[in-house]
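Undergrad: Show me the folded form of this:
(2 chains)
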Amino acid sequence: MLAYVGALARLTSQAAYYAFVGPFRGRPLRLGRAFSQAMEVGVRALPVLSLITFFIGLILAIQGAYELKKFGAIHFVADAVAITMTRELGPLITAIVVIGRSGSAFAAEIGTMKVNEEIDALETMAISPVQFLVTPKFLAMILMLPCLTIWANFMGILGGSLFGVLKADFTFVEYMRASVSALFMRDIVTGLIKSVMFGMTITAVGCSEGLATGQGAESVGKSTTAAVVMSIFLVVVVDLIFTSLFFFAGGI
Amino acid sequence: MISLHDLRVSYGDREILHGVNMEVKRGETLVILGGSGSGKSTLLRTLVGLEKPSSGEIWLKGKNLASISDDDLDEIRRKMGMSFQSGALFGSMTVGENVGLPLREHTKLEDSTIEIMTRLKLEQVGLGGFEDYFPAQLSGGMKKRAAVARALSMDPEILFFDEPSAGLDPIIAAGIDQLILELKQAFHMTIIVVTHELASAFLIADQMVYIDKGVIIAQGTPAEMKANPLPRVRQFFDRVAEPEVEQEMDYLQMLTATHRRPNR
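TA: Below you'll find the predicted structure:
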């Protein structure tokens, strides 16, 4: 497992090299590819992400109210939803949706290329497969995941507001105001830091499984499955690490 | 131009090439022949730097690929072109974009110039006008031609072909042979072809090399190879099937021998 994570770290640092250091060393960045990846990873995920996080927000509100009612504190449901979404569920659910859509797609795309000798072809043309394939995806993910997370947080709060307005005596404006005032900058920022880390993890796992594909169509299926499963697992591990970090480093 | 000294290549602990020695002169067309599993593909992959030798030397244009830096390898690769067995065209790009890719990545030429050069290369291989087609829309022969066009796009000094006629009908295969001959005559490129199609080999080769179980057991001009008396070589050239096992003990050994599963 440690060797696996080590390999992921190596791939990520290579991708980062081509993204941030390469341009100053005569290896220009092709932003066109990164842009089209960003469209695919981000913009096209909006419909399904919006729906999912809206429902999650609603579920959070209902479950939160179930407990808060006992203390006669149902008016705190707005706070509960807002904080839980921005600190935890917004980034995590976004990451899971992106894993399902893009993590698997990265592995399948690169895996199929490997099987068709296209990765070898790139190498013989003196084009680094990491620079050509991984770096655009890497840039797209670290840009899009925070953006998607912000949107997810908003949709989650919106979902909670449905419950708040119908069952907790809020008006829409009151609910939104309560949500905003419950949030501190650090809630949003910690969530966004997590989302960037998730993005890097998902790219690393998806691309490295793709590059490690064996021969034949069956291997592509295996790589794709492995990419999704390992991504989910590692995202949760990263989540645990950063949640603990933020908690113990001064209770943020 | 290219010389190999005692080259050994292994996949893990399985040695595939057991000390290969070979010379290729500039402007020469070398055909590497061999049966399935003989190591010819491994030899080709090592020549283009896709596999690293486990020992021995492999000199290409004055540099030893066994101990070369990545930058130097990139430098050499820019002057090299390779056409893969399945074409290995990038499915997400058009034929034109495929052929223009090396130019786009390695030169600062303008798009319009790249487009003209792409059209030129495609004309050369007989695919003029197909720039906007996607690889999935091409037939097998056309894919191979497009792959050759892409290999030619940086005007390489050395061209490598991995089984250029594999899976093609005789007419299309003859077309590819014709193309290789034209490239040879027009540009005097050094060309290395791995194949087991005998007709193609005799047509295009200046030198031939026969590799069997990881060792070169015969080399020479086509005429010399045809006259080679070694039984293994004769079997290959005369298209003789593996002899029936006649001895009982041999038969028993064949049935019960443990085979190590090939591990790539």
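Undergrad: Without its sequence neighbours, what residue ends up closest to the spatially most central residue of chain A?
TA: The centre of chain A sits closest to residue A:95, judged by C-alpha atoms, centre = their mean, with a distance of 2.9 Å. Ranked by C-beta to C-beta, 6 or more residues apart in numbering or on different chains and with sequence neighbours excluded, the top spatial neighbour of residue A:95 is residue A:198, at 3.9 Å. All C-beta spots, glycine's among them, are computed from the backbone N, C-alpha and C.
Undergrad: cool, residue B:226 as well?
TA: residue B:237 (6.6 Å).
Undergrad: repeat for residue A:160
TA: Nearest-residue entry for residue A:160: residue A:81, 3.5 Å, with adjacent residues in sequence omitted and distances by C-beta to C-beta, 6+ apart.
Undergrad: Residue B:131 now?
TA: Sequence neighbours aside, residue B:96 is the residue nearest to residue B:131 in space, at 3.2 Å (criterion: C-beta to C-beta, 6+ apart).
Undergrad: now that neighbour: how far from chain A?
TA: Using C-beta to the nearest C-beta, to the nearest Å, one gets 16 Å for the distance from residue B:96 to chain A.
Undergrad: Does anything pack onto the longest helix seen in chain B? Which helices or strands?
TA: With secondary structure taken from DSSP state H, chain B has its longest helix at helix B:170-187. In this structure, helix B:170-187 makes packing contacts with helix B:140-152, strand B:190-195, helix B:198-204, judged by 3 or more C-beta pairs under 8 Å, 6 or more residues apart in numbering or on different chains; DSSP states H and E.
Undergrad: tell me the average confidence for that helix?
TA: Along helix B:170-187, the predicted local confidence has a mean pLDDT of 85.
Undergrad: Neighbours of the residue nearest to residue A:160, how many?
TA: By the criterion of other C-beta atoms under 10 Å in any protein chain shown, residue A:81 has 34 neighbours.
Undergrad: So it lies in a helix, does it not?
TA: Yes. Read with DSSP: H, G, I helix; E, B strand; the rest coil, residue A:81 is one of the residues of a helix.
Undergrad: State the distance from it to chain B.
TA: Computed as C-beta to the nearest C-beta, the residue A:81 to chain B distance reads 41 Å.
Undergrad: residues in contact with the residue nearest to residue B:131?
TA: Residue B:96 makes contact with B:115, B:118, B:119, B:122, B:130, B:131, B:132 under the criterion C-beta atoms under 8 Å, 6 or more residues apart in numbering or on different chains.
Undergrad: Closest to residue A:36 out of the residues you listed?
TA: Relative to residue A:36, the closest of those is residue B:132; by C-beta to C-beta it sits at 18.4 Å.
Undergrad: Enumerate the residues of chain A near chain B.
TA: Counting by C-beta under 8 Å from any C-beta of the partner chain, the positions of chain A adjacent to chain B are A:112-113, A:116-118, A:120-121, A:123-127, A:132, A:214-215.
Undergrad: Between those, identify the one with the most neighbours.
TA: Using other C-beta under 10 Å as the neighbour criterion, residue A:121 leads the residues of chain A next to chain B with 26 neighbours.
Undergrad: So which elements touch the helix or strand encompassing that residue?
TA: Counting by DSSP states H and E, the secondary-structure element that holds residue A:121 is helix A:118-124. Taking 3+ C-beta pairs under 8 Å, 6+ apart as the contact definition, the neighbouring helices and strands of helix A:118-124 are helix A:129, strand B:80-83.
Undergrad: what pairs with the longest one, and is each one parallel or antiparallel?
TA: Okay, so that is strand B:80-83. When pairs are called by DSSP bridges, strand B:80-83 turns out to pair with strand B:158-162 (parallel).
Undergrad: So, low pLDDT: which residues of the stretch 101-250 of chain A?
TA: Across the stretch 101-250 of chain A, the ranges flagged by pLDDT under 70 are A:250.
Undergrad: ok so, going back, and of the helices and strands packed on helix B:170-187, who's closest to residue B:63?
TA: Using C-beta to C-beta as the measure, strand B:190-195 is the one of the helices and strands packed on helix B:170-187 that comes nearest residue B:63, at 15.1 Å.
Undergrad: Show me how far that closest one is from its chain's centre.
TA: If you compare the mean C-alpha spot of strand B:190-195 with that of the full chain, they lie 5 Å apart, counting by C-alpha atoms, centre = their mean, to the nearest Å.
Undergrad: Is chain A within reach of it?
TA: No. With C-beta under 8 Å from any C-beta as the criterion, chain A is not reached by strand B:190-195; the gap is at least 12.7 Å.
Undergrad: which helices and strands sit right next to that strand?
TA: Judged by 3+ C-beta pairs under 8 Å, 6+ apart, the packing partners of strand B:190-195 are strand B:29-34, helix B:40-47, strand B:158-162, helix B:170-187, helix B:198-204.
Undergrad: What pairs with that strand, parallel or antiparallel?
TA: Strand B:190-195 has its sheet partners listed here by DSSP bridges as strand B:29-34 (parallel), strand B:158-162 (parallel).
Undergrad: Measure how far the first one is from the centre of its chain, please.
TA: It stands for strand B:29-34. Mean-position distance between strand B:29-34 and its chain equals 8 Å (C-alpha atoms, centre = their mean).
Undergrad: and the angle from that strand to helix B:40-47?
TA: 140 degrees (axes from the mean of the first three to the mean of the last three C-alpha atoms, to 10 degrees).
Undergrad: likewise the last one?
TA: For strand B:158-162 against helix B:40-47, the angle by the same axes, to 10 degrees is 150 degrees.
Undergrad: Quick one: mean pLDDT over strand B:158-162.
TA: Averaged across strand B:158-162, the pLDDT comes to 92.
Undergrad: if we can go back for a sec, the residue nearest to residue B:131 and residue B:129: what is the separation?
TA: Relative to residue B:129, residue B:96 is positioned 10 Å away (C-beta to C-beta, to the nearest Å).
Undergrad: Give the residues shared as contacts by those two.
TA: With C-beta under 8 Å, 6+ apart, residue B:96 and residue B:129 have common neighbours residue B:122.
Undergrad: phi, psi of the residue of the stretch 151-252 of chain A found nearest chain B?
TA: For the stretch 151-252 of chain A and chain B, the shortest gap (C-beta to the nearest C-beta) falls at residue A:215, measuring 6.9 Å. Main-chain torsions, residue A:215, degrees, to the nearest 10: phi -100, psi 140.
Undergrad: that older thread, from chain A, how far off is the residue nearest to residue B:226?
TA: With C-beta to the nearest C-beta as the criterion, residue B:237 and chain A are 29 Å apart.
Undergrad: thinking that residue is in contact with residue B:201, fair?
TA: No. Checked against C-beta atoms under 8 Å, the pair residue B:237 and residue B:201 is beyond contact range at 9.7 Å.
Undergrad: Comparing those two, which residue is more hemmed in?
TA: The residue with more neighbours, out of residue B:237 and residue B:201 and counting by other C-beta under 10 Å, is residue B:201; that gives 23 against 18.
Undergrad: I figured residue B:214 hits residue B:14, correct?
TA: No. No contact is recorded between residue B:214 and residue B:14 when judged using C-beta under 8 Å, the distance being 10.0 Å.
Undergrad: more crowded one of the two?
TA: Neighbours were counted for residue B:214 and for residue B:14 using other C-beta under 10 Å; residue B:214 has more, 21 against 10.
Undergrad: Report pLDDT for the more buried one.
TA: For residue B:214, the model assigns a pLDDT of 86.
Undergrad: ok, it - contacts?
TA: The contact partners of residue B:214, by C-beta under 8 Å, 6+ apart, come to B:15, B:16, B:17, B:18, B:20, B:38, B:39.
Undergrad: Just give me the neighbour total for residue B:32.
TA: Counted by other C-beta under 10 Å, the residues lying close to residue B:32 total 29.
Undergrad: which residues touch it?
TA: Residue B:32 is in contact with B:40, B:43, B:44, B:192, B:193, B:194, B:195, B:208, B:209, B:211, counting by C-beta under 8 Å, 6+ apart.
Undergrad: Thanks again, I'm all set now.
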